[in-house]
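In: Output the structure for:
(chains A and B)
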2 protein chains.
Amino acid sequence: MKSAVTQIRQGEKPKMSGKIIECVPNFSEGRRPEVIEAIVAPFRGRQGVRLLDYRADADHNRLVVSLAGEPGPMTKALLEACEIAVKEIDLNMHQGGHPRIGAVDVIPFVPVMGIDMKACVDLAREFGMRFYDAFKVPVYYYEEAANNPQRKNLEKIRKGQFEGLKTAIKEESRRPDLGPAALHPTAGATVIGARKFLIAFNVNLKTDDIEVAQKIAQYVRASSGGFCHVKGIGLVLKEKGMVQVSMNLVDFQKNALYRVVEMIRMEAARWGVSVAECEVYGMIPAQALLDSAAYYLQLNDFKPEQVVELALLGSGGEA
Amino acid sequence: MKSAVTQIRQGEKPKMSGKIIECVPNFSEGRRPEVIEAIVAPFRGRQGVRLLDYRADADHNRLVVSLAGEPGPMTKALLEACEIAVKEIDLNMHQGGHPRIGAVDVIPFVPVMGIDMKACVDLAREFGMRFYDAFKVPVYYYEEAANNPQRKNLEKIRKGQFEGLKTAIKEESRRPDLGPAALHPTAGATVIGARKFLIAFNVNLKTDDIEVAQKIAQYVRASSGGFCHVKGIGLVLKEKGMVQVSMNLVDFQKNALYRVVEMIRMEAARWGVSVAECEVYGMIPAQALLDSAAYYLQLNDFKPEQVVELALLGSGGEA
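Out: The predicted structure follows:
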């Protein structure tokens, strides 16, 4: 029914002007609170950037920051945070359980809304150049921003860590993408790239039979031949008296949330087991849930810009 | 699976700091382009306000503006637009097909996110006072902001229109909520209030039998005893060779989208008819789609703040 009240015409849907990315920089400092707070400070109270979460782990001696926002303000804040990390962290004095090669160890850029992977790769490379120019810390590009397939994998780039890379960096195959074949004396090297959004998603099953969860995890995960972009294991939830298929959805556009859930429902039915509840663990992009709503509600030609809140994002007010 | 990549802890979900409202002011001008553009101008390029759509209708001689944004910037822009409307529009010279009592005829405030109906009522009344103080145009509060049940209905308030209200306003029952028992000589009176978000939603059925759509419309709509907050009719879609249940969902929290769709699927099955597609016509609040995604995906304890884009809204960057 054409609403006489809201008076919105078809074909005049508002344009989405906002570009939203997620960024999860990892810094090699998990013990000195004043340094941790100084690194995080540039992300606070800033137009266009939101500090979603940060976690410092003393054992790992590592700080992981979760950010969302617009590319421009985000890279500006990142450079300020990196300046502090490069100045304050000396990897020669750094010990911790987590592999690392740099004071600023890894920076992935993740497309969320209004921006595609290619633009995120460009953003990562542009940021890499500004980062190298500013701090003279060598840069490796990884994941989607990698210059060759060997550089896709973070662990391969970090092999030998700061200590081992000091000499290994001179090997042809280990040379950084930006900078000379020599680590920064205190800040090492930094891995910068672009990757897809990772959704942590759990499905709890109405049984205490772990075999059911393990079998289903096998059916849905890539490593045993299921969905190409799903990782998963079966777990016991002792307090709930249930079992869980615990997953990472590495590409929610290729392996949609609803498709994974329906597949699990279908498989569980073989044992007379039903799904008790599902859980999104942490953050999720709007598109992943809109895709599921659109599937179940059979929405035809639905645009994210029809969602009031999404139409508002990143807008200066112009329709 | 706890993601080793996104590193977001449970129990540290970001707070939602933004309050988002919709506002659909109606002005009595649909013919003079320069006046129309002048009224709309204060809504353009403004931080915190988005002009979603505006439509001027020459026959109705009326301008309907759709806005979304934060309450503060919104009311500021509204006052600027109203100033122009009050100055430029003389209802003594106004003719048009649409009922009206004022240059600024109706202003409804609609909660979208992070704000409840009570706060929207307060906002409407506060705005009403500022509006009356500024322009000395009498104000009627309607819908949820009404002072008594007789004032809920817009058409009752507008009875007799500008011309009839000139004398009727002196009757006890027609006295405005703000201002004397006399219309503003050129700008008449204004109706201000708060109401729920109205979703226009259509369900297309795989049959050309209009009776099926009409029967189902009867089953789901309030007027014939169905869902209390659904309006609906059956329509023929000649080009598609289908029929449509065309609805307004007046309270998507009480009558959820998925519940209405499932009810229609169930009823259609009686005639061996299935749902071909559904359509959200115009704008929809995120919560309405999240509610449906959460139902079908059986999401437990899901918070809108887990959606990256929603966590970003209205934030200055502080986690």
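
In: Tell me the helix or strand right after the helix or strand where A:Pro108 lies.
Out: Per DSSP states H and E: A:Pro108 is located in strand A:104-113. Later in the chain than strand A:104-113, the nearest helix or strand by DSSP H and E is helix A:117-135.

In: who touches the helix or strand that that next one is followed by?
Out: Next in sequence after helix A:117-135, counting helices and strands by DSSP H and E, comes strand A:139-143. Residues from elsewhere that reach strand A:139-143 (CB atoms under 8 Å, 6 or more residues apart in numbering or on different chains): A:106, A:108, A:124-125, A:128, A:131-132, A:147, A:151-154, A:157, A:176-179, A:189-195. Bear in mind the C-beta positions are built from the backbone N, C-alpha and C, glycine included.

In: Which ones, among the residues you listed, also lie beside chain B?
Out: Among the contacts of strand A:139-143, the ones lying near chain B by CB under 8 Å from any CB of the partner chain are A:108, A:195.

In: among the contacts of strand A:139-143, which ones are buried?
Out: Buried members of the contacts of strand A:139-143, counted by 16 or more other CB atoms under 10 Å in any protein chain shown: A:106, A:108, A:124-125, A:128, A:131-132, A:151-152, A:154, A:157, A:176-179, A:189-195.

In: Wondering if the helix or strand hosting A:Ala276 reaches chain B at all.
Out: Assigned by DSSP H and E, A:Ala276 belongs to strand A:275-281. Yes. Interface with chain B: strand A:275-281 contributes A:275-281 (CB under 8 Å from any CB).

In: Check which helices and strands the helix or strand that comes right after that strand sits against.
Out: Downstream of strand A:275-281, the next assigned helix or strand under DSSP H and E is helix A:286-296. Contact here means 3 or more CB pairs under 8 Å, 6 or more residues apart in numbering or on different chains; DSSP states H and E; on that basis helix A:286-296 packs against helix A:257-269, helix B:286-296, helix B:308-312.

In: at 10 Å instead, please
Out: strand A:104-113, strand A:199-205, helix A:257-269, helix A:308-312, helix B:257-269, strand B:275-281, helix B:286-296, helix B:308-312 (3 or more CB pairs under 10 Å, 6 or more residues apart in numbering or on different chains; DSSP states H and E).

In: Could you check the angle that helix makes with strand A:199-205?
Out: Counting by axes from the mean of the first three to the mean of the last three CA atoms, to 10 degrees, helix A:286-296 lies at 40 degrees to strand A:199-205.

In: pLDDT on helix A:286-296, on average?
Out: What helix A:286-296 shows for mean pLDDT is 97.

In: for stretch A:141-160, same thing?
Out: According to the model, stretch A:141-160 has a mean pLDDT of 95.

In: Stretch A:64-75 now?
Out: 95.

In: got it, and stretch A:222-236?
Out: 96.

In: Between the two ends of that stretch, what distance do you get?
Out: 21 Å (CA to CA, to the nearest Å).

In: Off-centre distance for it?
Out: Relative to its parent chain, stretch A:222-236 has a centroid offset of 19 Å by CA atoms, centre = their mean, to the nearest Å.

In: Buried residues in that stretch, which are they?
Out: So stretch A:222-236, judged by 16+ other CB under 10 Å, has buried residues A:226-227, A:229-235.

In: hmm, which two among the residues you listed are most spread apart?
Out: The most widely separated members of those, counting by CB to CB, are A:His229 and A:Leu235 (20.3 Å).

In: Which residues of the stretch 101-250 of chain A lie near chain B?
Out: A:106, A:108, A:110, A:112-114, A:154, A:195, A:197-204, A:217, A:231-233, A:235, A:244-250 (CB under 10 Å from any CB of the partner chain).

In: residue in the stretch 151-300 of chain A nearest to chain B?
Out: A:Gly282 (3.4 Å; CB to the nearest CB).

In: pLDDT check: weakest of the residues of strand A:275-281 next to chain B?
Out: Within the residues of strand A:275-281 next to chain B, pLDDT is lowest for A:Tyr281, at 91.

In: what's across from the residue lying closest to it once chain neighbours are set aside in the sheet?
Out: Once flanking residues are discounted, A:Tyr281 sits nearest to A:Ala200: 3.8 Å by CB to CB, 6 or more residues apart in numbering or on different chains. Beta-bridge pairing for A:Ala200 (DSSP bridges): A:Asn248, A:Tyr281.

In: Surely A:Ala200 touches A:Ala288?
Out: No. Look at A:Ala200 against A:Ala288 with CB atoms under 10 Å: they stay out of range, at 11.7 Å.

In: Which neighbours do the two have in common?
Out: Taking CB atoms under 10 Å, 6 or more residues apart in numbering or on different chains as the criterion, A:Ala200 and A:Ala288 both touch A:249, A:280.

In: Verify the contact between the residue of the stretch 151-300 of chain A closest to chain B and A:Val24 for me.
Out: No. With contacts counted by CB under 10 Å, A:Gly282 stays clear of A:Val24, the gap being 11.0 Å.

In: which one is A:Leu299 nearest to, not counting chain neighbours?
Out: B:Cys278 (5.4 Å).

In: Can you tell me the number of residues neighbouring the one you found?
Out: 22 (other CB atoms under 10 Å in any protein chain shown).

In: B:Val203 is in contact with that one, correct?
Out: Yes. In this structure, B:Cys278 is within contact of B:Val203 by CB under 10 Å, at 5.1 Å.

In: and the helix or strand encompassing A:Ile157, what other elements does it pack with?
Out: Per DSSP H and E, A:Ile157 falls inside helix A:154-158. Here helix A:154-158 touches strand A:104-113, strand A:139-143, helix A:161-168, strand A:190-194, going by 3+ CB pairs under 10 Å, 6+ apart.
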